[in-house]
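Q: starting from these lines, generate the structure:
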Amino acid sequence: MARIQVYSTGWCGYCDRARALLRDRGLAYEEIFLDDDPAFRARLLDLTGRWTVPQILIDGTPIGGYDELSELDRRGFLDDLAA
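A: The predicted structure follows:
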């Protein structure tokens, strides 16, 4: 199974959606909360090239945020990860 990491905050609606989608698909993920990191946007930019949350990595490769995760699900890719 792929390693999924979700960089998120507790106040982000898109983070909530990403977590729910992963849970609904039965995919385990590691969540990295950035609420207490005042420089989290710079950290995300260095890690993923983007500064918004959530940022999702699959096997270390940044895939983007909720919209990109949802598109992967629509195309059936998340089913492949869960198999």
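Q: helices along the protein, start to end?
A: Secondary structure of the chain by DSSP state H: the helices cover 13-24, 40-48, 66-74, 77-82.
Q: can you list those helices in TSV and add mean neighbour count, distance to residue 60 and mean pLDDT?
A: Bear in mind the C-beta positions are built from the backbone N, C-alpha and C, glycine included. Formatted as TSV, these follow (neighbours: other CB atoms under 10 Å; distance: least, CB to CB, whole Å; pLDDT from 0 to 100):
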stretch	mean neighbour count	distance to residue 60	mean pLDDT
helix 13-24	16	17	97
helix 40-48	15	10	89
helix 66-74	16	16	97
helix 77-82	15	14	79
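Q: dump those helices to TSV, plus distance to residue 56.
A: Converted to TSV, the helices of the chain look like this (distance: least, CB to CB, whole Å):
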stretch	distance to residue 56
helix 13-24	6
helix 40-48	9
helix 66-74	5
helix 77-82	11
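Q: any idea which of the ones you listed gets closest to residue 59?
A: Comparing these against residue 59 with CB to CB, the closest turns out to be helix 77-82 (9.4 Å).
Q: ok, the residue nearest the centre of the chain to residue 76 distance?
A: Note on the chain: the residue nearest the mean C-alpha position is residue 56, at 2.6 Å, using CA atoms, centre = their mean. Computed as CB to CB, to the nearest Å, the residue 56 to residue 76 distance reads 17 Å.
Q: residue contacts, the residue nearest to residue 50 when sequence neighbours are not counted?
A: The shortest distance from residue 50 to any non-neighbouring residue, by CB to CB, 6 or more residues apart in numbering, is to residue 44 (6.2 Å). Applying CB atoms under 8 Å, 6 or more residues apart in numbering to residue 44 gives the contacts 7, 34, 50, 51, 52, 53, 55.
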